[in-house]
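Engineer: here is my input; please provide its structure:
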Amino acid sequence: MRFIEFAELCERLEALSGRLEMITVVSEALPKFSEEELPVVVNFLMGRVFPDWSPLKLGIGPNLLYEAVAYVTGDTKERVIEEINRRGDAGRAVEHLIANKEQTSFFVQELEVFEIYREFERIARSEGKGSQRSKLLAIRRLFGNSRPIEARYLARLLLGELRIGIGEGNMRGAIAKAFGVPSEQVEHAYQARNDLGQVAVLARMGASALSKVQIELFRPVKMMLAQQGTIQEMVKEHGVVAAEYKYDGSRFQFHRSGKEFRIYSRRLEDVTKALPDVVKRLAAATTTDLILDGEVIAVREGRPRPFQFVLQRFRRKHEVSSYVEEIELVPYVFDILFLEGETLIDLPFSERRRRLEQAIPAYVAPQLQSSDPEELEEFYHRALDAGHEGIMLKDLESTYMPGVRGKRWVKIKPEVDTLDLVVIGAEWGEGRRAHLFGSFLLACRSEGKLLPVGKVATGISDEDLADLYALFKDLVVSEAGKEVAFKPEVVFEVGYSEIQKSPNYESGYALRFPRFIRLRADKGVEDADSLETISLRFQQRPSA
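Structural biologist: Numbering: from 1, shown residues only. This next block holds a predicted model:
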């Protein structure tokens, strides 16, 4: 498929606002792609280059894009930045600049969707000395052969924000409609395979192919999530529930096959080399082929240490051995997804727990099963006294739903309500903070788009602001006066007093008294809270 056809499809989708219309348009387009192109197009339409489980990352920042466009158009980098600032949309700005480029030796080669994907693969695999130069040359080649409309969507793909409104939900619906298979089967296959592109290929083969999908070792799946709740509500709805400590650590997924081991972070990144001591503990505790879900915490003298100590280890790439001695990490396992060739996610939690205890008796998280609110409240206070965040309550009949934040798992914490939100922009500070970002614009996810929900400025120390400036300065996409737009990569955990309806933000909501809690370096954009979550919390507020 020519990339111009893909760009025209994106332009058509960008003009639509109705969810059903989008699903129909995509469903009519998908059968036209070859088996090779189909998975690529599915991911591209969601603004992704690689599926979530893939270790490949483009690693293209705004500055590299500016340099490539400046070279191709014969403009200066400053002129490119000026145009992006003026339009507030890098894709539209690049489209305009390409349309008016001065150089003439372009359109040497027709851009094909699959060949662009192959080029992206080469960019992602480029590392070491000279890698930035080779990435720059590759991007120049792509833009050099781009028509203006192609350049719009190429720029957006490189920046990770396509802005056409095709998220996972719409794409699941489109795949089901395109190939005449049940949407439930598409969703289940996606939970197990963690790759909607490959799910589309299977859907084309029919429902029987989807029904055979299993979790695979060393292909991490998204982790099941919990929503906020209360002990009384869980007991009333489910009777006997399982209570476990809620740890202030980082989720992990441990895969074992024979003598091969891998451990993945919440963002599905391979962190095996950063956590050799954790891998050693778990590998010694079982000889079974399996996939475990758990949390790792930092410990000193038997007491848990703050979350930041865990992050130091997860992010460590060099001199790991010295940090192993300095920061002790202890794993706690609370679920099992795969055991000796069998996918377990459709089994009830009580049965998964039984198999977990048999497969790996050590490091299993303590658990209390009870229907007595007072007994559960006592367990909650024991967790707090031990230095943990609170407790998790789980329905014993719950299946494991990768990537889903459902009411069958809830978290009980004493803290203020919090949300995990994507930072999409900022405003420059004033006075002694004039050369730092003073407040940050936050957004929630909504079907392939990021919708603003408020700004946060409180709870950020001067030291935090300096660190955050260092983090964001290379993610600046555009500036307009005091306002700055960022490439969406970073997630903040933010506290708030309540959620209000608001016409001031595209999401339709605003946070009252938002407060910065911490940087969630263990979470990516796809882990941020959704508009649906915010709407639900608004409906559940005490005054509702």
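Engineer: number of residues surrounding the residue lying closest to Arg48 once chain neighbours are set aside?
Structural biologist: The shortest distance from Arg48 to any non-neighbouring residue, by C-beta to C-beta, 6 or more residues apart in numbering, is to Gly160 (7.7 Å). For glycine as for every other residue, the C-beta is placed from the backbone atoms N, C-alpha and C. When neighbours are counted by other C-beta atoms under 10 Å, Gly160 registers 16.
Engineer: same question, Glu110
Structural biologist: Residues contacting Glu110 under the criterion other C-beta under 10 Å number 11.
Engineer: quick check, it in contact with Arg2.
Structural biologist: Yes - the pair Glu110 / Arg2 is scored as a contact, 6.0 Å apart, by C-beta atoms under 8 Å.
Engineer: before we move on, back to that, is it correct that the residue nearest to Arg48 is in contact with Val477?
Structural biologist: No - under the criterion of C-beta under 8 Å, Gly160 is not in contact with Val477, lying 10.5 Å apart.
Engineer: what do those two both touch?
Structural biologist: Jointly contacting Gly160 and Val477 under the rule C-beta atoms under 8 Å, 6 or more residues apart in numbering are Lys487.
Engineer: and Leu393, bridged to which residues?
Structural biologist: On the basis of DSSP bridges, Leu393 is bridged to Ala243, Val410.
Engineer: tell me the contacts of it?
Structural biologist: The contact partners of Leu393, taken as C-beta under 8 Å, 6+ apart, are Gly229, Ile231, Met234, Val241, Ala242, Ala243, Leu376, Trp409, Val410, Lys411, Ile412.
Engineer: from Arg355, how far out is it?
Structural biologist: For Leu393, the distance to Arg355 (C-beta to C-beta, to the nearest Å) stands at 21 Å.
Engineer: about what we covered before: filter the contacts of Leu393 down to the buried ones and hand me the PyMOL line.
Structural biologist: Buried subset of the contacts of Leu393, written as a PyMOL selection, criterion 16 or more other C-beta atoms under 10 Å:
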select buried, resi 229+231+234+241+242+243+376+409+410+412
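Engineer: helices along the stretch 351-500 of the chain, start to end?
Structural biologist: Along the stretch 351-500 of the chain, counting by DSSP state H, counting those that start in this stretch, helices occupy 373-385, 462-472.
Engineer: Leu9: neighbour count?
Structural biologist: Neighbours of Leu9 (other C-beta under 10 Å): 21.
Engineer: what's the answer for Ala15, then?
Structural biologist: 9.
Engineer: with Arg122 instead?
Structural biologist: Residues lying near Arg122 (other C-beta under 10 Å) number 12.
Engineer: can you tell me the element it falls in?
Structural biologist: Element membership for Arg122, per DSSP states H and E: helix 113-125.
Engineer: which helix or strand lies directly C-terminal to that helix?
Structural biologist: Counting by DSSP H and E, the element that comes right after helix 113-125 along the chain is helix 131-144.
Engineer: the stretch 101-250 of the chain: helices as residue ranges?
Structural biologist: Here the stretch 101-250 of the chain has its helices, by DSSP H, counting those that start in this stretch, at 113-125, 131-144, 148-159, 168-179, 183-193, 196-205, 207-211, 231-238.
Engineer: tilt between the last one and helix 373-385?
Structural biologist: Interaxial angle of helix 231-238 relative to helix 373-385 (axes from the mean of the first three to the mean of the last three C-alpha atoms, to 10 degrees): 130 degrees.
Engineer: what comes up buried for helix 231-238?
Structural biologist: By 16+ other C-beta under 10 Å, the buried positions in helix 231-238 come out as Ile231, Met234, Val235, His238.
Engineer: of those residues, just say which sits nearest to Val491.
Structural biologist: Met234 (27.1 Å; C-beta to C-beta).
Engineer: where does the stretch 201-350 of the chain have low pLDDT?
Structural biologist: 315-325 (pLDDT under 70).
Engineer: picking up where we left off before, nearest to Ala426, of the contacts of Leu393?
Structural biologist: Minimum distance to Ala426 across the contacts of Leu393 is 29.4 Å, recorded for Lys411 (C-beta to C-beta).
Engineer: measure that closest one to Val364 for me?
Structural biologist: Taking C-beta to C-beta, one finds Lys411 at 19 Å from Val364.
Engineer: same check on Val404?
Structural biologist: Note on Val404: its distance to Val364, by C-beta to C-beta, is 23 Å.
Engineer: who has more neighbours, the two?
Structural biologist: Counted by other C-beta under 10 Å, Val404 and Val364 do not tie: Val364 has more neighbours, with 21 against 15.
Engineer: distance of the more buried one relative to Arg353?
Structural biologist: 8 Å.
Engineer: if anything else comes up later, I'll come back, but that's it for now.
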